[in-house]
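1. Provided below for reference: sequence and predicted model.
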Amino acid sequence: MEIPDLVQDALGDEEVQAGVSLGDEDTLCFTPTRTLIYRGEGLLSDEDVSEYPHDFERLGISEGRRKTTFSLTYVDGKREFSVPGNRTDPVLERLLESALRVNGVIEPGEGLAGVFRFSELTLAVADQRMLKHVGEYTWDGDYETLAYDDVTGLHFEDGSVATAVVLEVGGRPERIKAPNDQAALLRKTLEEALFEYHGVGSLDELNRALETEDEGDDGESPASPSESSRGLGLDADIDPLVGGDGSETEQSPEQNARERPAGEGGGRATADSEWSSANAGGPADAGSRSNDRESRPTAASADRSRSAGGATGTAETTQQPTDRDDDLEAVEEQLAELTEAVQRQNELLERQQQTVKQLIKELRQGR
């Protein structure tokens, strides 16, 4: 990440340990003792650098639809800064890590693996401990430390809405409920931190290393696949709807005789009756057919009609419309002038739209 000149001038003897881009040229830089926020030159502000020391006593967070405001309370007052909403988590993690290190809560070389907020509960998973804070603010001096040296067991209880993280510290269970949409990430982060600290590779190895038993090990082995299949299989007294060998139930001759007229014999009788109806009628039918032939127009008369129609159509198409070339030329000139005017207006609107977009972007960045 390229460090702006104004930030370089404000560093003094310190160096940038981490940074978060806030969009465009705006950047948030973290030193061991301060957070430096660089704002590039824009329509609403000049190029500037603001600094926020890490020795604050209280940290509050207010999240809006598009941006998040961090409120830092010091002995002599309160200071605030805003970042885009999609930068909240990385800024919070690095800001809280720096504050915990400055205040001696974690070791100088110890880092944070993740920060989780559940309503009024905040959990900070560090390399050697987990920090728990409950209250209206995201962080202040009223916190609890759960050192990994004191952990004697870890397991999880899944629920329909939340997952319970049961962390045993000195034999005493510490229950933490996390919403299911964030529980998977919390579990992964906490397991990786504990595995790394105790030098194990799985939850079972961790609990064995801590000389504890998994709460799910209650002495009863789960049902074998064969037992599960028997428990969920069809009852012996219930026949399947379709037989496996494709056999059908035999019918009595009487049943076959009753069903046959609808499918076989009945079909032939119907066909015979239709044939006889079509060929019945005698002389009366013959007379009606002759009348039909007389009522049809002859081919010659049809040809004469088409010839007459064709001649009429030819006569109509040969008529020429009135000459309006002068009027068309005038209309084309007016259209060309209107098109040119619309193009000029579109260019002006595009420039105005770019300016409005830049203003909105700067407002969202908290300038």
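-> Sure thing, it's come through.

2. where along the protein do the helices fall?
-> 5-11, 88-102, 180-198, 203-209, 225-232, 253-263, 265-279, 283-295, 299-317, 325-364 (DSSP state H).

3. weakest of these in terms of mean pLDDT?
-> Least confident of the helices of the chain, judged by mean pLDDT, is helix 225-232 with a mean of 39.

4. hmm, who's touching stretch 47-54?
-> Residues outside stretch 47-54 that contact it (CB atoms under 8 Å, 6 or more residues apart in numbering) are 4, 6-7, 9-10, 32-41, 72, 74, 79, 81, 95, 98-99, 101-102. The C-beta positions use only the backbone N, C-alpha and C, and glycine is treated the same way.

5. So what's the residue count around residue 83?
-> By other CB atoms under 10 Å, 22 other residues sit near residue 83.

6. so it bridges to which residues?
-> residue 68 (DSSP bridges).

7. And the pLDDT at it?
-> At residue 83, pLDDT is 93.

8. Correct me if wrong: it contacts residue 67.
-> Yes. Judged on CB atoms under 8 Å, residue 83 makes contact with residue 67 at a distance of 6.5 Å.

9. Which among the contacts of stretch 47-54 count as buried?
-> Neighbour-count burial (16 or more other CB atoms under 10 Å) applied to those gives 4, 7, 10, 34-40, 72, 81, 95, 98-99, 101-102.

10. quick one, phi psi at residue 43?
-> Backbone dihedrals for residue 43, given as degrees, to the nearest 10, come out at phi -70, psi -30.

11. which non-adjacent residue is nearest residue 37?
-> With CB to CB, 6 or more residues apart in numbering as the criterion, residue 37 has its nearest non-adjacent residue at 4.8 Å, and that residue is residue 50.

12. how near is that neighbour to residue 39?
-> Distance, residue 50 to residue 39, by CB to CB, to the nearest Å: 8 Å.

13. again with residue 8
-> As judged by CB to CB, residue 8 and residue 39 stand 15 Å apart.

14. And residue 33, by the same measure?
-> Noted for residue 33: a distance of 21 Å to residue 39, by CB to CB.

15. picking that back up, quick one: pLDDT of the residue nearest to residue 37?
-> Residue 50 is given a pLDDT of 93.

16. how deep is it tucked in, by neighbour count?
-> 13.

17. All further residue positions should be reported with the first residue as 387.
-> Sure thing, new numbering starts at 387, so read that last one as residue 436.

18. From residue 420, how far off is it?
-> Distance of residue 436 to residue 420, given as CB to CB: 10 Å.

19. which residues are in contact with both of those two?
-> In terms of CB under 8 Å, 6+ apart, residue 436 and residue 420 are not both contacted by any residue.

20. Next, count neighbours for the residue lying closest to residue 419 once chain neighbours are set aside.
-> Of all residues beyond its chain neighbours, the one nearest residue 419 is residue 440 (5.6 Å), with distances taken as CB to CB, 6+ apart. Other residues near residue 440 come to 20 when the count uses other CB under 10 Å.

21. these two touch, right, residue 749 and residue 430?
-> Yes. With contact defined as CB under 8 Å, residue 749 counts as touching residue 430 (7.5 Å).

22. what's the overlap in contacts for those two?
-> Residues touching both residue 749 and residue 430 by CB under 8 Å, 6+ apart: none at all.
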